[in-house]
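Enquirer: I would like the atomic coordinates for the input below:
(chains A and B)
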2 protein chains.
Amino acid sequence: MYEPPSGPSYVDRAGSPNRLEYTSDRHPRAMLEMMNILRLSHELSDVVLNVGNREAIYAHRVVLSACSPYFRAMFTGELAESRQTEITIRDIDEHAMGLLIDFCYTSKIVIDETNVQTLLPAACLLQLDEIQEKCCEFLKRQLDPSNCLGIRAFADTHSCRELLRVADMFTQHNFQEVMTSEEFLLLPVGQLCDIISSDELNVRSEEQVFSAVMAWVKFSVAERRAYLPQVLQHVRLPLLNPKFLVGTVGSDLLIKSDEACRDLVDEAKNYLLLPQERPLMQGPRTKPRKPIRRGEVLFA
Amino acid sequence: MYEPPSGPSYVDRAGSPNRLEYTSDRHPRAMLEMMNILRLSHELSDVVLNVGNREAIYAHRVVLSACSPYFRAMFTGELAESRQTEITIRDIDEHAMGLLIDFCYTSKIVIDETNVQTLLPAACLLQLDEIQEKCCEFLKRQLDPSNCLGIRAFADTHSCRELLRVADMFTQHNFQEVMTSEEFLLLPVGQLCDIISSDELNVRSEEQVFSAVMAWVKFSVAERRAYLPQVLQHVRLPLLNPKFLVGTVGSDLLIKSDEACRDLVDEAKNYLLLPQERPLMQGPRTKPRKPIRRGEVLFA
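Expert: Numbering: from 1, shown residues only, chains lettered A, B, ... in the order given. Modelled structure (predicted):
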């Protein structure tokens, strides 16, 4: 039998420490691979998930709980699910659920245009932060003037703050293209106000903002004319040139027929008429827009 | 809602692939950490191991099965253990078991002189190959003329072929020191024969081999004298010088009193007496030893 050596002859041998501290790099991955093999053959499965119409998903509670705070709460808490072996999951897309469980057991996922819309909400619900981040990263790369408003709203709905910030900056920077998109015309009033109230809106002149707003109202005039004063207060009318203010804005019938809109036009006219008094007339609508330069916008 | 964009304006955007293939580097390790937290708080534990007198070990069948073919067979097979929630494990050292279960859940282990002797057999039984390899690596670094025979035997017992090979080479290379060790005098006859029969035994002359053998026999002469012919056949007596052969070997009383030993001495004398006939008298005992040079020995 081997007996630990003693004495200086042993301690002094070069490169012979008397303990070996070992951390395996491959162990966690190798173990996960084996757990996936066990899962695929339904071995030691202690929970079956029914999601939508897809075939049941066999899994292991401890694996799901280790990946997802949602499952951890479900299986370790006081809920009935902690004792059931067959569980029906609602409110999660069945295809997305399959991809997310696969990720838990493989560390791999493919995000694409066809699944990101269901994957992100599902990842949010299961609190798989890593997948949520990757979905946002994917959507950031997809940003385009034709879809940035949709992505912005999607990010807002799912509390993806970083994606919301980037989509918002993208929208402001590309506003001249965005304002011609179908998405723009379909914006809810709140989002429209959010966007056009920004100091960073990248426009050549305030005329463009006015035109965008009027196009939005006229897209569904019966319903939206009531919003005109609310929206128009974010257009910086005092920055328009007098000819456009008088000839286009002041003479528009929708504007003329609304008291609050007329007040806004008056405010702008007064500002333009009395250059010496402008220092006393400063307000949110007299502040020039300061668009951010190109390099600063994307993924900043 | 976000709608996947279409048309060339989207596809053509630089750096905008329409799928993101993601493999998480951190997922397996993060998951293992969480499974360890669950284990330590006994959450979702579905098996309790009783080993020796230590406190019970709470664990998860799927985790143990993913790490160890031994547990996989136990839990997924037809054995009674596959249905029991409390299992008593025999034949494994309780401290070693604790360290190995810790490794399964953490990827970390510390091997030292005090645990390697129980850890290696336990790792062999649980078929934790990675730990078995690391124990062997640790023992390789510990090799010293005072312990190499013990390590060699230990490697043989636990079928660690690579360690056995290295310990064997170490022993042969350092034979002049090894033959003076206590371990050498305690060798079983089979292992002694294995070692001294090697062509690579590093000795200055065959006299050393003879002296080693006689010291081994005389260490427990009553019991071992019967082994003398078996052992002496591996000493290359024809390579001795005539004076040593006649004055020391041939005149030894133990040798003189044994027929088979005398035959071996005669064989050597004849070889030395008839130089012209040596080509016809070649055999295993006339082959000179060819020790391996230093650089080739360790960890080769």
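
Enquirer: So residue A:237 is in contact with residue A:268, correct?
Expert: Yes - counting by Cβ atoms under 8 Å, residue A:268 is a contact partner of residue A:237 at 3.6 Å. Heads up, the C-betas are built off the backbone N, CA and C, glycines and all.

Enquirer: so what sits against both of the two?
Expert: Each of A:245, A:249, A:285 lies in contact with both residue A:237 and residue A:268 under the rule Cβ atoms under 8 Å, 6 or more residues apart in numbering or on different chains.

Enquirer: where does residue A:204 land in three-state SS?
Expert: Under DSSP: H, G, I helix; E, B strand; the rest coil, residue A:204 falls in the coil class.

Enquirer: Actually, residue A:50.
Expert: strand.

Enquirer: ok, it to residue A:84 distance?
Expert: Residue A:50 sits 11 Å away from residue A:84 when distances are taken as Cβ to Cβ, to the nearest Å.

Enquirer: Counting neighbours, what do you get for residue A:288?
Expert: Using other Cβ atoms under 10 Å in any protein chain shown, the number of residues around residue A:288 comes to 8.

Enquirer: and residue A:81, what is it in contact with?
Expert: Residues near residue A:81 by Cβ under 8 Å, 6+ apart: A:74-75, A:87.

Enquirer: 10 Å instead, please
Expert: A:47, A:61, A:71, A:73-75, A:87-89 (Cβ atoms under 10 Å, 6 or more residues apart in numbering or on different chains).

Enquirer: where in chain A is pLDDT low?
Expert: Along chain A, the model assigns pLDDT under 70 to residues A:1-17, A:294-300.

Enquirer: Spatially central residue for it, please.
Expert: residue A:155 (2.3 Å; Cα atoms, centre = their mean).

Enquirer: domain parsing for chain A?
Expert: Using automatic domain parsing, the domain ranges for chain A come out as A:29-142, A:144-300.

Enquirer: Mean neighbour count, those: which tops it?
Expert: domain A:29-142 (a mean of 19; mean count of other Cβ atoms under 10 Å in any protein chain shown).

Enquirer: Which parts of the stretch 51-200 of chain A are strands?
Expert: A:57-59, A:86-89, A:108-112 (DSSP state E, counting those that start in this stretch).

Enquirer: and stretch A:129-148 with chain B, contact?
Expert: Yes - for stretch A:129-148 and chain B, the contact criterion (Cβ under 10 Å from any Cβ of the partner chain) is met by A:130-131, A:133-135, A:137-148.

Enquirer: Can you show me the CA trace of the helix or strand where residue A:266 lies as PDB?
Expert: Counting by DSSP states H and E, the element that carries residue A:266 is helix A:259-273. C-alpha atoms of helix A:259-273 as PDB (Å, rounded to 0.1, in the frame of the first residue of the first chain):
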ATOM      1  CA  GLU A 259     -59.000  76.900 -29.500                       C
ATOM      2  CA  ALA A 260     -55.900  75.200 -27.900                       C
ATOM      3  CA  CYS A 261     -54.200  74.900 -31.300                       C
ATOM      4  CA  ARG A 262     -54.800  78.500 -32.100                       C
ATOM      5  CA  ASP A 263     -53.200  79.400 -28.700                       C
ATOM      6  CA  LEU A 264     -50.100  77.500 -29.800                       C
ATOM      7  CA  VAL A 265     -50.000  79.300 -33.100                       C
ATOM      8  CA  ASP A 266     -50.400  82.600 -31.400                       C
ATOM      9  CA  GLU A 267     -47.500  81.800 -29.000                       C
ATOM     10  CA  ALA A 268     -45.300  81.100 -32.000                       C
ATOM     11  CA  LYS A 269     -46.300  84.300 -33.800                       C
ATOM     12  CA  ASN A 270     -45.600  86.400 -30.800                       C
ATOM     13  CA  TYR A 271     -42.200  84.900 -30.400                       C
ATOM     14  CA  LEU A 272     -41.400  85.600 -34.000                       C
ATOM     15  CA  LEU A 273     -42.800  89.200 -33.800                       C
END
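
Enquirer: Output the strands of the stretch 51-200 of chain A as JSON lines; include the columns distance to residue B:274.
Expert: Shown next, in JSON lines, are the strands of the stretch 51-200 of chain A (distance: least, Cβ to Cβ, whole Å):
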{"stretch": "strand A:57-59", "distance to residue B:274": "81"}
{"stretch": "strand A:86-89", "distance to residue B:274": "90"}
{"stretch": "strand A:108-112", "distance to residue B:274": "77"}
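
Enquirer: With chain B as the reference, name the closest of these.
Expert: Evaluated over the strands of the stretch 51-200 of chain A, closeness to chain B peaks at strand A:108-112, with 4.0 Å, by Cβ to the nearest Cβ.

Enquirer: I'd say the residue nearest to the centre of chain A and residue A:171 touch.
Expert: No - taking Cβ atoms under 10 Å as the definition, residue A:155 is not a contact partner of residue A:171, at 11.1 Å.

Enquirer: Could you pull out the helices in the stretch 1-150 of chain A for me?
Expert: Assigned helices in the stretch 1-150 of chain A, in chain order: A:8-11, A:27-40, A:61-67, A:69-76, A:94-106, A:116-126, A:129-142, A:148-157 (criterion: DSSP state H, counting those that start in this stretch).

Enquirer: of these, which approaches residue B:291 most closely?
Expert: In terms of Cβ to Cβ, the element of the helices of the stretch 1-150 of chain A nearest to residue B:291 is helix A:8-11, at 21.9 Å.

Enquirer: Could you pull out the helices in the stretch 151-300 of chain A for me?
Expert: Ranges of helices in the stretch 151-300 of chain A, per DSSP H, counting those that start in this stretch, are A:161-173, A:175-178, A:182-185, A:189-196, A:206-218, A:221-224, A:228-232, A:242-244, A:253-256, A:259-273.

Enquirer: would a markdown table of those with distance to chain B be doable?
Expert: Formatted as a markdown table, these follow (distance: least, Cβ to the nearest Cβ, whole Å):
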| stretch | distance to chain B |
| --- | --- |
| helix A:161-173 | 10 |
| helix A:175-178 | 10 |
| helix A:182-185 | 8 |
| helix A:189-196 | 13 |
| helix A:206-218 | 18 |
| helix A:221-224 | 20 |
| helix A:228-232 | 22 |
| helix A:242-244 | 31 |
| helix A:253-256 | 29 |
| helix A:259-273 | 31 |
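
Enquirer: List the contacts of the closest residue to residue A:158 other than its chain neighbours.
Expert: Leaving aside its chain neighbours, residue A:158 sits nearest to residue A:124 (5.2 Å; criterion: Cβ to Cβ, 6 or more residues apart in numbering or on different chains). Residues in contact with residue A:124 (Cβ under 10 Å, 6+ apart) are A:70, A:131-132, A:135, A:157-160.

Enquirer: Tell me which two in these are the farthest apart.
Expert: A:70 and A:157 (18.1 Å).

Enquirer: about what we covered before: who wins for proximity to residue B:289 among the domains of chain A?
Expert: Relative to residue B:289, the nearest member of those by Cβ to Cβ is domain A:29-142, separated by 44.3 Å.

Enquirer: what separates that closest one from the chain centre, distance-wise?
Expert: In terms of Cα atoms, centre = their mean, to the nearest Å, the centre of domain A:29-142 is found 21 Å from the chain centre.

Enquirer: May I have the distance across that domain, first residue to last?
Expert: 31 Å (Cα to Cα, to the nearest Å).

Enquirer: tally of neighbours for the nearest residue to residue A:134 once chain neighbours are set aside?
Expert: Once flanking residues are discounted, residue A:134 sits nearest to residue B:22: 5.1 Å by Cβ to Cβ, 6+ apart. Per other Cβ under 10 Å, the neighbour tally for residue B:22 reads 19.

Enquirer: Residue A:110 is in contact with residue B:22, correct?
Expert: Yes - Residue B:22 is within contact range of residue A:110, at 7.3 Å (criterion: Cβ under 10 Å).
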